[in-house]
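Colleague: sharing a sequence plus its predicted fold:
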Amino acid sequence: MIDRFTEKFIRYLEIEKNYSKHTILNYRLDLSGFNKFLGEIPLEKIDYLLLRKYLAVLKEKTLGTRSVLRHLSTLRSFFRFLTREGYLKTNPILILSSPKPDKHLPQFLTEEEVTRLINATFINKKVDERSLRDRAILETFYSTGIRISELVGLSIDDVDFISGVVKVLGKGKKERIAPIGEAALTSIGNYLNKRKKQAKAVFLNKNGKRITDRGVRGIVGKYIHLAGLKGGVSPHTLRHSFATHLLNRGADLRSVQELLGHANLSTTQIYTHLTTDRLKSVYDKAHPRA
């Protein structure tokens with residue numbers, strides 16, 4: 001049983017790594033599943049063959065490759081911690097190879113589709129507090145490229161209307177400054193001026209409380225339908241659209257990495273697959289034999 005070691009590891013993530021509650025919950029769930037698989041097998045009996053068997057069990061559950069990779073990432077961190085702290089003499093997961101991740105290109109909207117989506121907030125020509133809020137949410141998503149959790153967490157003090165930036169609390173509780181465009185700032189200002197309830201949060205639900213992830217997803221889904229857009233569009237699609245449109249208009253990858261708050265450039269590089277049309281256009285114009 002690895003329960004007591006799991007708790008030591010979770011405390012390490014909370015105190016020393018300062019991980020978010022959501023991230024820690026995922027680690028805990030992954031290790032709980034591993035503990036169930038082990039049963040009564042003690043820590044020192046865990047070896048490469050046992051880990052290979054666990055990997056096969058994960059695949060049998062028809063988990064996607066990304067889910068399997070996340071489980072493995074959790075175990076790698078866990079065993080690295082146990083080895084460093086002296087609970088294990090050798091790390092049994094070091095020679096375990098990971099499955100190759102599936103290459104799923106992120107879905108994105110065209111610039112015209114984004115405009116249709118945002119304009120759908122006033123489709124009934126009824127400009128009230130709710131429609132102003134919904135427009136401000138969509139404008140903010142597309143203007144900043146922030147994650148849904150980052151948008152939900154925005155407070156009024158985080159928005160600098162003069163400098164045109166917002167302070168964002170990202171993954172791992174890392175703060176960053178994100179530029180925000182004039183259209184989004186105007187929409188936020190219009191909403192706040194119309195809002196009856198005074199509160200710290202930028203975006204409120206109908207009860208005057210800070211809006212939730214679920215509430216935002218419902219809002220985006222509503223306007224996707226009203227705008228007549230294809231299915232499968234989510235708040236994250238606006239983040240993908242933000243990155244893709246920047247690259248299509250000439251932004252460099254490193255800058256887009258900073259804007260998205262990605263820790264590694266490799267995470268941002270997936271968007272380069274979406275900018276082939278721009279590259280072909282540049283090639284056609286610049287190459288003498290194109």
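Modeller: The structure has been received and is ready for your questions. Residues are numbered from 1 along each chain as shown.

Colleague: drop to CA atoms for contacts and neighbour counts, all remaining ones
Modeller: OK.

Colleague: so where is the stretch 151-290 of the chain shaky, pLDDT-wise?
Modeller: Low-confidence segments of the stretch 151-290 of the chain (pLDDT under 70): 270, 272-282, 290.

Colleague: got the residue ranges for the strands in it?
Modeller: Counting by DSSP state E, counting those that start in this stretch, the stretch 151-290 of the chain has strands at residues 159-160, 165-169, 175-179.

Colleague: need those strands in JSON lines (columns: mean neighbour count).
Modeller: Formatted as JSON lines, the strands of the stretch 151-290 of the chain follow (neighbours: other C-alpha atoms under 10 Å):
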{"stretch": "strand 159-160", "mean neighbour count": "18"}
{"stretch": "strand 165-169", "mean neighbour count": "20"}
{"stretch": "strand 175-179", "mean neighbour count": "16"}
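
Colleague: and these as JSON lines, adding distance to residue 250?
Modeller: What follows is those, written out as JSON lines (distance: least, C-alpha to C-alpha, whole Å):
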{"stretch": "strand 159-160", "distance to residue 250": "26"}
{"stretch": "strand 165-169", "distance to residue 250": "21"}
{"stretch": "strand 175-179", "distance to residue 250": "17"}
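
Colleague: residue 109 is nearest to which of those?
Modeller: The closest of these to residue 109 is strand 175-179. By C-alpha to C-alpha, the value is 20.7 Å.

Colleague: helices or strands up against that closest one?
Modeller: Other elements packing on strand 175-179 under the criterion 3 or more C-alpha pairs under 8 Å, 6 or more residues apart in numbering; DSSP states H and E are helix 129-144, strand 165-169.

Colleague: just the angle between the last one and strand 175-179, please?
Modeller: Relative orientation of strand 165-169 with respect to strand 175-179: 150 degrees, computed using axes from the mean of the first three to the mean of the last three C-alpha atoms, to 10 degrees.

Colleague: ok, back up a step: of the strands of the stretch 151-290 of the chain, which is nearest residue 207?
Modeller: Nearest to residue 207 among the strands of the stretch 151-290 of the chain is strand 159-160 (22.5 Å), distances taken as C-alpha to C-alpha.

Colleague: now what about the closest one, what contacts it?
Modeller: Strand 159-160 is contacted from outside by 165, 166, 167, using C-alpha atoms under 8 Å, 6 or more residues apart in numbering.

Colleague: hey, which of the helices and strands packed on strand 175-179 is tucked in deepest?
Modeller: Comparing the helices and strands packed on strand 175-179 by mean neighbour count (mean count of other C-alpha atoms under 10 Å), helix 129-144 comes out on top with a mean of 23.

Colleague: what about that one, average pLDDT?
Modeller: Across helix 129-144, pLDDT averages out at 96.

Colleague: residue 145 versus residue 255, what's the distance?
Modeller: In this view, residue 255 and residue 145 are 13 Å apart by C-alpha to C-alpha, to the nearest Å.

Colleague: those two: which is more packed in?
Modeller: Taking other C-alpha atoms under 10 Å, residue 255 and residue 145 do not tie; residue 145 has more neighbours (27 against 13).
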